[in-house]
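Okay, sequence plus prediction incoming.
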Amino acid sequence: MKKVLMLGGSIFQIPSIKTAKKMGLYVITCDNIINNPGHKFSDEYYNVSTTDKEAILVLANKLNIEGIICYASDPSATTAAFVCEKMGLPTSPYKSIKILSNKDLFRNFLRDNNFFVPQAKGYSSIHEAKNDFILFKTPVMVKPVDSSGSKGVSKVNNLEELEISIEIALKFSRVKRFIIEEYVNKFGYQIAGDGFSVEGELIFRCFANEHFDSNGKYPFVPIGESWPYVMSEKIQIKIHNEVQRLISLLKMKNNAYNFDIRIDSQENVYLMEVGPRNGGNFIPQVVKYATGIDMVEYTIKSALGEDCKDLRTSSINGFWACYMIHSDEAGILKDVFIEQELKEKNIIEFEMFSEIGDKVSSFSGSNGTIGFMILKFESSDEMLTKMDNMSEFINIKIAN
């Protein structure tokens, strides 16, 4: 029985653990959160941080691991590539994974290779950033260079707002570094979704519409994604070609990708994020409903060096979405009301991670998710209308 090491055991990583078990693999999970729910589905668990590359290398050698899987986790991606290179296991280049996983390095790479990219600069010093602020066209975005799930991200309109936004960003940065970048006005929906390359060719992509609560307290944290992407095939091919150019320049091999991409009113493509891992928010699970293709299984096969050349982009059958149940306010969860029409007509899967009476966090990042839904719709209009107005169908009651 082949042994695989899963980096992380969060709610979002449970699908990969369960899939590996169904494939007949011996699954070992590790992270530094003993109570993470995924560990109960694995064969073994080790309390080792997934960002400690050297410690994971020691563990993987000790256990004679045959494949390392980083699923739906940006911080673990560089660790997986580092350890796989050291052990001679299948991986894309560690140097390339590091570029994709660090906003500072990624923006520099895009600029150096003539991609459309907002003016951006990375900093460790608040003082230096404040001195440089006049060089940027406002508004700007302030982000930790190495966080995921939109944690620590703020939009800043003036110098007075800058310092507090930097302090928030630094709280979520392991390397205590942040980036300032000019805001890119999007044309249509931001592009989300997942892709997969085999021997450096982007042979699978499934673009989605990314949804945000623009009137909520945290308008830059995605609340869900919907399929199919509504823009023209011409634009989708243009996006595909830019992603392919990136993959080729980085000499990527067999790899999953999660997209955050914007196009502007001139249809210029901005690769805001191309994460070298499967998407969170249960994106691969919706992709399977929509296309019949199990991206989790291909990710695991790839980690074991198995042939993935039969994978192909598939057309989307129907109208699908995932939605992250959340609260803008922290407090005690008192009630979750879901409108009856949504229950009867649209919800395919529904699960709450928090129970009534639990203390819940505000939705300042994906770690504030308290439940999820996978939904199916009769039309694109129904899908987009409901996803853009989900507060009319779901009411979360919180007590202080």
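Here it is on my side, so go on.

C-alpha only now, for contacts and for neighbours.
Noted.

Got phi/psi on G279?
phi -70, psi 150 (degrees, to the nearest 10).

Would you quantify the distance from it to Y257?
7 Å (Cα to Cα, to the nearest Å).

hey, what's in contact with both of those two?
D194 (Cα atoms under 8 Å, 6 or more residues apart in numbering).

What helix or strand is the closest residue to E199 other than its chain neighbours located in?
With sequence-adjacent residues excluded and distances taken as Cα to Cα, 6 or more residues apart in numbering, E199 is closest to K253, at 4.4 Å. Using DSSP states H and E, K253 sits in no helix or strand.

what do you get for A77?
helix 74-87.

That helix: how far from the chain's middle?
Helix 74-87 sits 17 Å away from the centroid of its parent chain (Cα atoms, centre = their mean, to the nearest Å).

How about stretch 128-139?
For stretch 128-139 - counting by Cα atoms, centre = their mean - the centre lies 28 Å from the chain centre.

didn't G305 look like it was pressed against S92?
No. Shown here, G305 and S92 do not form a contact pair, counting by Cα atoms under 8 Å, at 11.6 Å.

So for those two, which sits in the more crowded spot?
S92 (22 against 15; other Cα atoms under 10 Å).

So that one lies in a strand, does it not?
No. Read with DSSP: H, G, I helix; E, B strand; the rest coil, S92 is coil and lies in no strand.

how about the strands of the stretch 251-400 of the chain, start to end?
Counting by DSSP state E, counting those that start in this stretch, one finds strands in the stretch 251-400 of the chain at the ranges 255-263, 269-275, 319-325, 331-338, 347-352, 359-360, 371-377, 394-399.

do you know which of the ones you listed lies nearest T50?
For the strands of the stretch 251-400 of the chain, the distance to T50 is smallest for strand 269-275, at 16.6 Å, taking Cα to Cα.

Put the alpha carbons of that closest one into PDB.
Output of strand 269-275 as PDB, limited to C-alpha atoms (Å, rounded to 0.1, in the frame of the first residue of the first chain):
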ATOM      1  CA  VAL A 269      -5.700  40.000 -18.500                       C
ATOM      2  CA  TYR A 270      -4.300  40.600 -15.000                       C
ATOM      3  CA  LEU A 271      -3.100  37.400 -13.200                       C
ATOM      4  CA  MET A 272      -3.800  38.500  -9.700                       C
ATOM      5  CA  GLU A 273      -3.100  35.000  -8.200                       C
ATOM      6  CA  VAL A 274      -2.300  31.700  -9.800                       C
ATOM      7  CA  GLY A 275      -2.000  29.400  -6.700                       C
END
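
Name the residues that touch that strand?
Contacts for strand 269-275 (Cα under 8 Å, 6+ apart): 74, 100-101, 103, 115-117, 238-239, 242-243, 257-264.

Please repeat the previous calculation with a cut-off of 6 Å.
Strand 269-275 is contacted by residues 116-117, 257-263 when judged by Cα atoms under 6 Å, 6 or more residues apart in numbering.

what's the angle between that strand and helix 74-87?
70 degrees (axes from the mean of the first three to the mean of the last three Cα atoms, to 10 degrees).

Quick check: buried residues in the lengthiest helix in the chain?
Identified as the longest helix of the chain according to DSSP state H is helix 233-249. By 16 or more other Cα atoms under 10 Å, the buried positions in helix 233-249 come out as 236, 239-240, 242-247.

Tell me which stretches of this structure form helices.
Going by DSSP H, the chain shows helices at 14-22, 53-62, 74-87, 94-101, 103-112, 126-132, 159-171, 233-249, 283-291, 295-303, 340-345, 380-388.

Let me see the contact set for the residue located most distally from the centre of the chain.
Here the chain reaches farthest from its C-alpha mean at N131, the gap being 32.2 Å by Cα atoms, centre = their mean. With contact set as Cα under 6 Å, 6+ apart, N131 has no partners.

For it, give me the pLDDT.
For N131, the pLDDT comes out at 97.

Now D307. Nearest residue, chain neighbours left out?
K301 (7.2 Å).

Let me see the contact set for L333.
356-358, 398.

for the longest strand along the chain, the distance to its chain's centre please.
As assigned by DSSP state E, the longest strand anywhere in the chain is strand 201-211. Centroid separation for strand 201-211 versus its chain: 13 Å, with Cα atoms, centre = their mean.

same question, stretch 281-301
14 Å.

List just the nearest of the contacts of strand 269-275 to E210.
D260 (8.3 Å).

pLDDT score for the closest one?
97.

The chain should start at 423 in everything you say after this.
Renumbered: residue one is now 423, and that last one reads D682.

That one: what's it in contact with?
D682 touches 613-614, 694-695, counting by Cα under 6 Å, 6+ apart.

Buried among those residues? Make that a PyMOL selection.
Burial among those is assessed by 16+ other Cα under 10 Å; the matching PyMOL selection reads:
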select buried, resi 613+614+694+695
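
Sort out which one of the contacts of D682 lies nearest R596 for me.
Among those, and counting by Cα to Cα, the member closest to R596 is E695, at 18.5 Å.

what comes into contact with stretch 774-792?
Contacts of stretch 774-792 (Cα under 6 Å, 6+ apart): 571-573, 640, 643, 746-756, 793.

got a list of what N524 touches?
567-568.

Return the per-residue confidence for the closest residue to I816 other than its chain neighbours.
Once flanking residues are discounted, I816 sits nearest to I760: 4.6 Å by Cα to Cα, 6+ apart. On pLDDT, I760 comes in at 97.
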